[in-house]
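Q: Sequence and computational prediction follow.
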Amino acid sequence: MMEYLSPAEVINGVGLRLVLVQYMPSPWGQATKAMMEYKELAFAAAPWEGGGANEELVAWAGNNGAPIVAWNDEAPIHRWDDILFLLERLAPQKALLPQSREDRALVLGLCYEICGQLGLAWNRRLSMFAPMVASGQAPEGFVLMAKKYGSTEEDVARADERQIATLKALADRLKAQQSAGSEYFVGNSITAVDFFWASFSNLFDLLPPEKCPMPEQARPMFTNMADNVRSAVDPVLITHRDKIIASHFKIPMEM
């Protein structure tokens, strides 16, 4: 089992360090951790308290969120693409970005559709947070976290349709790849897209408690979704997720 160090130990440490959301399957963090492990990179980890102030970590990283990754005396980073490029630099022999410029662009584009601003997870998060905030019964820490990500009324109104469009595009991509004889989103070997989808799929088809241990009271936030979004989760996406999780993630997930 992964053991957390204190924030101060990670802040003042050397080598590769990761700050991971504690107790919750934050998809950005879980994908980062799995890719580090795939690349056989040793790292130290500290916990991020969801909804907490995390003042020490915020002062260090200049960002109110996790994951945070740091390498030796380089500045800590938190954007998914910056983290991916760092991991590629540290372990190029187990590449998750293809050498082909065309395939590389495709991988990065699909990753952005999953991870980036107004991408799949961004819109899912809008759909998850908006009803709880509107109810007036959400805890203060939750409301602050929802406000941090920001949104317009139009973004909230269009969040479900945007999720459906991306889910369809991902499913169509996998089906085309399978017809061409590949088990992966791009090319014939695993890439960052496969890791990101496997981790982010928890937002659409949450793994059971024995595989994804988390506070039971938080599970409904992940499982409640509009019927049309649920219907857009093609079985091909879940079959692919299950294969990648079984092969390349530590189960039960460590949080």
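A: Nice, I can see it. Treat the numbers as computed from the prediction; the structure is a model and nothing was measured.

Q: got a list of what A75 touches?
A: Contact analysis of A75 by C-beta atoms under 8 Å, 6 or more residues apart in numbering lists nothing. From N, CA and C alone the C-beta is placed, and that goes for glycine too.

Q: Could you look up the SS state of it?
A: Put simply, A75 is coil when judged by DSSP: H, G, I helix; E, B strand; the rest coil.

Q: chain center to whatever helix or strand L110 lives in: distance?
A: Assigned by DSSP states H and E, L110 belongs to helix 101-115. Its chain's C-alpha centre and that of helix 101-115 lie 15 Å apart, by C-alpha atoms, centre = their mean, to the nearest Å.

Q: ranges for the strands of the stretch 51-200 of the chain?
A: For the stretch 51-200 of the chain, the strands defined by DSSP state E, counting those that start in this stretch cover 68-71.

Q: Skipping adjacent residues, who's closest to G13 in space?
A: Among residues not flanking G13 along the chain, A44 sits closest, at 5.6 Å (C-beta to C-beta, 6 or more residues apart in numbering).

Q: swap that for I77, please
A: In space, I77 is closest to V69, 5.5 Å off (C-beta to C-beta, 6+ apart).

Q: which residues touch the helix holding L110?
A: 28, 31, 80-81, 84, 96-98, 119-121, 166, 169-170, 173, 185-187, 191-193, 196-197, 200.

Q: Make sure R219 is indeed in a helix.
A: Yes - membership of R219 in a helix is supported by three-state DSSP.

Q: one step back: if burial is judged by neighbour count, which of the contacts of helix 101-115 pass?
A: 28, 31, 80, 84, 96-98, 119-121, 166, 170, 173, 185-187, 191-193, 196-197, 200 (16 or more other C-beta atoms under 10 Å).

Q: Could you tell me which of those belong to helices?
A: 28, 31, 80, 84, 120-121, 166, 170, 173, 192-193, 196-197, 200 (DSSP state H).

Q: mind listing what A171 touches?
A: D234, V236, L237.

Q: Could you list which of the residues you listed belong to helices?
A: Reading helices off these with DSSP H, I get V236, L237.

Q: Drop the exposed ones from the contacts of A171 and show what's left.
A: Buried, going by 16+ other C-beta under 10 Å: D234, V236, L237, out of these.

Q: Determine which two of the ones in helices among the buried ones among the contacts of helix 101-115 are furthest apart.
A: Distance extremes for those: the farthest pair is W28 and R173 at 20.9 Å, using C-beta to C-beta.

Q: what comes up buried for stretch 212-230?
A: For stretch 212-230, by 16+ other C-beta under 10 Å, it's C212, M214, M221, F222, M225, V229.

Q: hmm, I was thinking of stretch 81-94
A: I83, L84, L86, L87, E88, A91.

Q: now could you export just the CA positions of it as PDB?
A: C-alpha atoms of stretch 81-94 as PDB (Å, rounded to 0.1, in the frame of the first residue of the first chain):
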ATOM      1  CA  ASP A  81      -0.200  18.100 -20.100                       C
ATOM      2  CA  ASP A  82       2.800  19.500 -18.200                       C
ATOM      3  CA  ILE A  83       2.700  16.400 -16.000                       C
ATOM      4  CA  LEU A  84       2.600  14.100 -19.000                       C
ATOM      5  CA  PHE A  85       5.500  15.900 -20.700                       C
ATOM      6  CA  LEU A  86       7.600  15.600 -17.500                       C
ATOM      7  CA  LEU A  87       6.900  11.900 -17.200                       C
ATOM      8  CA  GLU A  88       7.800  11.400 -20.800                       C
ATOM      9  CA  ARG A  89      11.100  13.200 -20.200                       C
ATOM     10  CA  LEU A  90      11.900  11.100 -17.100                       C
ATOM     11  CA  ALA A  91      11.100   7.800 -18.700                       C
ATOM     12  CA  PRO A  92      11.200   8.000 -22.500                       C
ATOM     13  CA  GLN A  93      11.800   4.300 -22.900                       C
ATOM     14  CA  LYS A  94       8.100   3.600 -21.900                       C
END
